[in-house]
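Q: below are the sequence and a predicted model; questions follow.
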Amino acid sequence: MWENQADQSELCCPGCSPNSGPPQDPHRTPTGPPQDHHRAGVGKTTLVQKVCESMGSTGVTVQGFYTEELRERGRRVGFDVVTLSGERGALSRIGNGAPAGRREYRVGQYVVDLPSFENLVLPLFRNMNEGGRSVFVVDEIGKMELFSQAFIRAVRQALDSSTCTILGTIPVPKGKPLGLVEEIRARKDVKVFTVTKENRDALTDQIVSALEECLK
């Protein structure tokens with residue numbers, strides 16, 4: 001998995017020690033420093049997409065989702081979740097509150113659309129291919145997504161699977177710790193890469209190589 005911030009992020013892979021040694025089991029999770037949803041990031045989603053394209057070109061099955069900014073007239077108005085098969089759903093929008101009768105989940109000025117997020121993402125975990133040459137992308141495991149207890153359970157189950165190779169992003173430590181994020185960062189089978197604007201392009205090959213080792 002990798003963690004991401006405005007100016008820095010980390011990538012880590014389950015199945016590898018935190019150092020650069022060989023993988024200890026067949027699955028990995030790339031992560032990075034926590035991303036700040038209120039500021040421009042380091043381009044971690046673009047990095048995820050490049051890695052996915054590279055893995056797909058070698059015959060690896062790539063599934064999962066990534067998070068994308070939604071802009072109107074140059075202004076960011078929210079975030080969408082986009083599956084690697086092209087489906088799209090709302091994650092959050094700038095707004096005054098949740099619809100009547102629904103609990104509000106908010107990160108700063110963004111109101112999280114939890115039903116939309118869960119309806120799109122949870123089936124991906126249930127239908128995840130295990131074993132063989134496949135990678136499951138989770139971009140990201142951050143504040144907005146962690147309002148969902150079902151998502152937390154699904155991520156834990158995926159990480160504990162001995163046959164699942166995962167590429168994920170997590171936020172760097174900042175403010176109040178996020179329980180699942182700290183749990184992932186502390187795992188001995190997760191390898192973390194630090195991603196910055198300066199090194200993000202050079203990291204693509206390193207991440208691809210790490211995933212390929214896990215798939216052997």
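A: Looks like it arrived, so ask away.
Q: show me the residue at the heart of the protein, geometrically.
A: The centroid of the chain falls nearest to residue 139 when counting by CA atoms, centre = their mean (2.1 Å).
Q: by residue count, what's the longest strand in the chain?
A: If you go by DSSP state E, the chain has its longest strand at strand 61-72.
Q: for that one, name the packing helices and strands.
A: helix 44-56, strand 75-83, helix 114-126, strand 134-138 (3 or more CB pairs under 8 Å, 6 or more residues apart in numbering; DSSP states H and E). From N, CA and C alone the C-beta is placed, and that goes for glycine too.
Q: looks like the residue nearest to the centre of the chain contacts residue 169 (just checking).
A: Yes - contact criterion CB atoms under 8 Å: residue 139 and residue 169 qualify, at 4.7 Å.
Q: hang on, the earlier thing: among the helices and strands packed on strand 61-72, which is the most enclosed?
A: Neighbour counts (mean count of other CB atoms under 10 Å) averaged over each of those peak at strand 134-138, with a mean of 24.
Q: CA atoms only: put it into CSV for me.
A: Output in CSV follows, covering the C-alpha atoms of strand 134-138 (Å, rounded to 0.1, in the frame of the first residue of the first chain):
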residue,chain,number,x,y,z
SER,A,134,-4.6,-10.9,-10.3
VAL,A,135,-4.2,-7.7,-8.3
PHE,A,136,-6.9,-5.9,-6.3
VAL,A,137,-6.7,-2.1,-6.1
VAL,A,138,-8.0,-0.2,-3.1
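Q: quick one: contacts of it?
A: 1, 29, 48, 52, 55, 60-66, 84, 124, 128-129, 155, 158, 164-169, 211, 215 (CB atoms under 8 Å, 6 or more residues apart in numbering).
Q: buried stuff in the longest strand of the chain?
A: Using 16 or more other CB atoms under 10 Å as the test for burial, strand 61-72 gives 62-68, 70.
Q: next, work out how far apart the residue lying closest to residue 83 once chain neighbours are set aside and residue 139 are.
A: Nearest residue to residue 83 in three dimensions, chain neighbours excluded: residue 65, at 4.9 Å (CB to CB, 6 or more residues apart in numbering). Residue 65 sits 7 Å away from residue 139, taking CB to CB, to the nearest Å as the criterion.
Q: again, but for residue 43
A: Taken as CB to CB, the span from residue 43 to residue 139 is 12 Å.
Q: circling back to that earlier point, list residues touching both of residue 139 and residue 169?
A: Both residue 139 and residue 169 are contacted by 44-45, 48, under the criterion CB under 8 Å, 6+ apart.
Q: any idea which of these the model trusts least?
A: Checking pLDDT across the shared contacts of residue 139 and residue 169, the minimum falls on residue 44 at 83.
Q: quick one: that one and residue 169 touch, right?
A: Yes - contact criterion CB under 8 Å: residue 44 and residue 169 qualify, at 5.5 Å.
Q: any stretches of this protein with poor pLDDT?
A: Within the chain, the ranges that satisfy pLDDT under 70 run 1-41, 130-131.
Q: for the protein, which segments count as strands?
A: With DSSP E as the criterion, the chain has strands at 2-4, 9-11, 61-72, 75-83, 88-94, 106-107, 110-112, 134-138, 166-171, 193-195.
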